[in-house]
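Participant: A predicted structure for the sequence below; I have some questions about it.
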Number of protein chains: 2
Amino acid sequence: MQTEKRRTQADRRAETRAQLIAAARALFAERGFADTGTPEIAAAAGLTRGALYHHFADKTALFAAVVEQEHAAVAAGIEAAGGAMPSDPVAALLAGSEAFFAAMRDAGRRRILLIDAPAVLGRTTLDEIDARHGLETLVCGLRDAMDAGVIRRLPVLPLAQLFGALFDRAALAEPDQQPEFQTAVAAMLDGLRT
Amino acid sequence: MQTEKRRTQADRRAETRAQLIAAARALFAERGFADTGTPEIAAAAGLTRGALYHHFADKTALFAAVVEQEHAAVAAGIEAAGGAMPSDPVAALLAGSEAFFAAMRDAGRRRILLIDAPAVLGRTTLDEIDARHGLETLVCGLRDAMDAGVIRRLPVLPLAQLFGALFDRAALAEPDQQPEFQTAVAAMLDGLRT
DNA sequence: TGTTTGCATACATACTGCCTGTATGTTACC
DNA sequence: GGTAACATACAGGCAGTATGTATGCAAACA
């Protein structure tokens, strides 16, 4: 058989990187960044620490790659749900938040993105990653709503980051309290209507 | 002189605990939890690691004590500003948020309470500490406003925790963007008016 | 065109230093 | 004399680095 005995360097590189990221994601999700060691990660990926430190500068860089991937997955989930966008800008924002909460159902993802990432990567680094993925759509949604005269005109970027914080906090609520949090978030968004 | 050669055990205990907490606070504030070692802390306190581990179960417990102290200080600052509370409930809430931002000016405090604490102590533990100190006043302020019919009636506790997240995020904004964040927060609070 | 030679990349193994937590010893209080 | 407060000594583990080995790749050569 030898399904893939011949492989290009780029293939090897991409594959082992993916294996390391996948193994790290699983362990970081379960035990958190601090309580997960690089020997564990390498073993789970079927590799050695040498491979890990060949592909990533340090443990933090590997974590950053995991965060990047998770963030992209969340953004993709929101984009995918954006197909059936309602015409009302506020309703569109609500639909987006719904998609965000759906993407955040996974407890491991919450731990990685909302608990550990701010402390491990720092706010500024995390904001950069956020700006590359999800923030833009939120800013656009808010700006559209303002341009349409549907909500109050306010500084857009701060408002988007504040709503991001709201969404994050709501996503962290216990499952049984989730509905109340979401209605509260919806009410705060609704309160901005002119 | 021998200002205090004779001391009771409780005095010794309280004093060394305070020294350890103070030294830990300074180092955690500057370098963060992960990058601060217990040898450093003990040395800065003029003690040894033995004393540290005699008074605290582990490094995390010492950090929790620091967080508790900082949280209490913030709550005290807000309480102190509460003397001249305006009659309008929403204005009172705004005044409270102002006092919160003032208490959060210190960068080290922001790092300890808003960056490291969630990751080190976990959300649930942190929520418990929060419930013991600052959250109650926020809940009361919101409930008063609802009872007075000034703002929409919503689930109080979730709303308070969401506003807590808003305040935290606004406090983390860069100093030059702080005004815009605060106006946005004020607008969101104002939007809840009936 | 096929082979070989040289090099860079991918990965493994070995080593050092540090830190955390614990166990044991010594001093101060009561 | 006994207990609490602290210091010293020890064991295990982890992060990061340095070094060694194998694999793919590209160009020179036949």
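Facilitator: Yes, it's here. Since the model is a prediction, treat every value here as computed from it, not as a measurement.
Participant: Helices of chain A, start to end?
Facilitator: A:9-31, A:38-44, A:49-55, A:59-81, A:89-103, A:107-110, A:117-121, A:123-132, A:135-147, A:156-171, A:178-190 (DSSP state H).
Participant: any chance of those helices in TSV, with distance to DNA strand C and mean pLDDT too?
Facilitator: Every C-beta, even on glycine, is put in place using the N, C-alpha and C of the backbone. Shown next, in TSV, are the helices of chain A (distance: least, Cβ to the nearest atom of the strand, whole Å; pLDDT from 0 to 100):
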stretch	distance to DNA strand C	mean pLDDT
helix A:9-31	4	92
helix A:38-44	7	97
helix A:49-55	2	97
helix A:59-81	12	96
helix A:89-103	30	95
helix A:107-110	23	98
helix A:117-121	15	98
helix A:123-132	23	94
helix A:135-147	31	95
helix A:156-171	28	98
helix A:178-190	33	97
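Participant: what sits against the residue most central in space within chain A?
Facilitator: In chain A, the residue lying closest to the centroid (Cα atoms, centre = their mean) is A:H71, at 2.7 Å. By Cβ atoms under 8 Å, 6 or more residues apart in numbering or on different chains, A:H71 lies in contact with A:L113, A:I129, A:D130, A:R132, A:H133, A:G134.
Participant: Report the contact partners of the fourth one.
Facilitator: With contacts defined as Cβ under 8 Å, 6+ apart, A:R132 is in contact with A:H71.
Participant: again, 10 Å this time
Facilitator: A:E68, A:H71, A:A72, A:A75 (Cβ atoms under 10 Å, 6 or more residues apart in numbering or on different chains).
Participant: Name the nearest residue to the residue of chain A found nearest chain B, sequence neighbours excluded.
Facilitator: Residue nearest to chain B within chain A: A:G191 (2.6 Å; Cβ to the nearest Cβ). Nearest residue to A:G191, sequence neighbours excluded (Cβ to Cβ, 6 or more residues apart in numbering or on different chains): B:G191, at 2.6 Å.
Participant: surely the one you found meets B:R152?
Facilitator: Yes - contact status for B:G191 versus B:R152: in contact at 9.1 Å, counting by Cβ atoms under 10 Å.
Participant: what is in contact with those two at once?
Facilitator: A:A187, A:M188, A:D190, A:G191.
Participant: Quick check: closest non-adjacent residue to the second one.
Facilitator: Using Cβ to Cβ, 6+ apart and skipping residues adjacent in sequence, the residue nearest A:M188 is B:M188, 5.5 Å away.
Participant: Neighbour-wise, give me the winner out of the shared contacts of B:G191 and B:R152.
Facilitator: Of all the shared contacts of B:G191 and B:R152, A:M188 has the most neighbours under the rule other Cβ atoms under 10 Å in any protein chain shown, reaching 22 neighbours.
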